[in-house]
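# Return atomic coordinates for the entry below.
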Amino acid sequence: MLDLALVLFVLGLIALGLRRPFIWVLAYLYVDIVAPQKIGWTLMPSLKISLVTFVLAFGGWLLFDNKHGSRLSVRMGLMFALLAWCAFTTSFADFPEAAAEKWSWVWKSMLFALFLPLALRTKLRLEAAITVLVLSMSAIVISGGIKTIFGGGGYGVLVTLTQDNSGIYEGSTLSTAAIAVIPLIWWVARHTTLLPARHRLTMLYAAGMTFACLLIPVGTSTRTGLLCIAVLGLLLLRTVRHRFLYIGAAAALGLLSLPFLPNSFQERMGTITSYQADESASTRVQVWKWTLDFVSDKPLGGGFDAFLGNSFTYETVEKVDVGGGVVEMQRQEVTDEGRAFHSAYFEVLGEQGFVGFGLWALLHLTGLVGMERLRRRLRKSGDPAMARWAALANALQQVQVVFLFGSLFVGIAYQPFILIVLSMQIALAHAIRSDDARLAEDERKARLAQHRARKMPGKAFGGATA
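As a prediction, the model looks like this:
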């Protein structure tokens, strides 16, 4: 029944796109995030729905969409350069088969992210895309939140919509994305024109989804999610009205929630301060050291999944109860190989070398700076209509900061979620630039009309003269 419902829903979106081709872009957004082909088990996988919506989104825009307002930008150039560089490094990858497998989904995600700003040529389209992003994430996090409440969580155990533990459904990735999307949830709830903004039901849904997002790190028992919550809490200090009240409420909520948190979650969070006491954390540090040595020898990188070539030996420290209430610290030697990068930064550095890392870092840096400039300029404009777009620039920046922080500990550099957010930043900048151009043109025409009126006063008053 679930499989049939998913098929009918996607086919319904495709049918609506026959009348409004832009809906095919929204359909691919939904498919790219939720991955319904992983949820279904009979019809959905056989329909190749990802490929179908991908082709429809591009084809619909190319053949039927009005291109007025679509434009290129420097950041799109950076994104294209990164895509081209990834293709180049894949051609000489250390592990060709593994690299080809990763490239098979990375290029589609990056190409769609490159295309998306061209399709989101109006503010209404941008708002629609953000709403679909939020609702798509809600399908995943609300499911995970409900299962966490009823005791279905645990590290590597929580199942949301699918048993597949890859992509956005991987625990640390989902925790990062769930916390990162919270600013966009509240932007939609407060500023959308597609839903009843600030309506009681809209705000209630936003509050419920936020609670579900906060439960995801608990359900997945991921340290990354807890750190992302802390980062988002600090970011919100810049915009909340009553900061001291906010700090007090956040501290009280944290303390009150402690008795309700599972023991497995508390024990895992206890390893944050001492990486040597946790083999997983120790492995991360060793992989990062290996990556720095690797790129010093191969500055161009080793292509996708270059980590398969790593091998190292290190020591861990463990508390052991030897009896009689005596606890000893014992060291043991661990040999490991073929361990993942466990960091988007080291992932890009090891796979794409210094050139690829520079392009990736510059793409994100220009996004952070660009959104800050937009936020400040629009907020100071004094135009109430611009306040909602200033809030969106702030929300997109917060999403990016939280995701980048979570990426310190998870290899998610090419995940569709963050690439879509970067595209939305570009689309917002394009929309504001178009408004500026229209305003400048209107002012130019007004000045020209005034100039003509001064030169021909008789015509300005219906032909009468003094």
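# Just the buried residues of the helix ranked longest in the chain, please?
When the chain is scanned for its longest helix (criterion: DSSP state H), the result is helix 416-455. The neighbour-count criterion (16 or more other C-beta atoms under 10 Å) identifies 416-432, 434 as the buried residues of helix 416-455. Every C-beta, even on glycine, is put in place using the N, C-alpha and C of the backbone.
# And stretch 70-77, by the same measure?
If you call a residue buried by 16+ other C-beta under 10 Å, then stretch 70-77 has these buried ones: S73, R75, M76.
# again with stretch 134-148
Using 16+ other C-beta under 10 Å as the burial criterion, the residues of stretch 134-148 that qualify are 134-138, 140-145, 147-148.
# Contacts only, for the residue positioned nearest the centre of the chain.
Centroid-nearest residue in the chain, with C-alpha atoms, centre = their mean: I418, separated by 2.8 Å. Listed by C-beta atoms under 8 Å, 6 or more residues apart in numbering, the contact set of I418 reads Q400, F403, S407, I412.
# Could you rerun that using 6 Å?
For I418, the contacting residues are F403, by C-beta atoms under 6 Å, 6 or more residues apart in numbering.
# Tell me the pLDDT of it.
What the model reports for I418 is a pLDDT of 96.
# Kindly provide the distance from it to L363.
For I418, the distance to L363 under the criterion C-beta to C-beta, to the nearest Å works out to 10 Å.
# re the thing from before, tell me which of the buried residues of stretch 70-77 fall in helices.
The subset of the buried residues of stretch 70-77 that ends up in helices is R75, M76, with DSSP H as the criterion.
# Could you find the lowest-pLDDT member of the buried residues of stretch 70-77?
By predicted confidence (pLDDT), the lowest-ranked of the buried residues of stretch 70-77 is S73, with 92.
# How confident was the prediction at the closest residue to that residue other than its chain neighbours?
Closest residue to S73 in three dimensions, ignoring its sequence neighbours and counting by C-beta to C-beta, 6 or more residues apart in numbering: I426, at 5.9 Å. At I426, the predicted lDDT confidence score is 97.
# Return the residues in contact with I426.
Counting by C-beta under 6 Å, 6+ apart, I426 makes contact with S73, R75, P117.
# Touching, T313 and T335? I think so.
Yes - applying C-beta atoms under 6 Å, one finds T313 in contact with T335, separated by 4.6 Å.
# follow-up on the earlier one: with the buried residues of stretch 70-77 in mind, which one is nearest to A212?
Comparing the buried residues of stretch 70-77 against A212 with C-beta to C-beta picks out R75 as the nearest, at 31.9 Å.
# residues touching A230, list them.
When contacts are taken as C-beta under 6 Å, 6+ apart, A230 is in contact with no other residue.
# buried set for the host helix or strand of V287?
Secondary-structure assignment from DSSP states H and E places V287 in helix 279-297. Along helix 279-297, these residues count as buried under the neighbour rule (16+ other C-beta under 10 Å): E279, A281, S282, T283, R284, Q286, V287, W288, W290, T291, F294, V295.
# Repeat that for stretch 105-120.
106, 108-120.
# With stretch 21-33 instead?
Of the residues in stretch 21-33, those buried by neighbour count under the rule 16+ other C-beta under 10 Å are 21-33.
# In helices, which of those appear?
Per DSSP H, the buried residues of stretch 21-33 map to helices at F22, I23, W24, V25, L26, A27, Y28, L29, Y30, V31, D32, I33.
# Right, I'll call it a day here.
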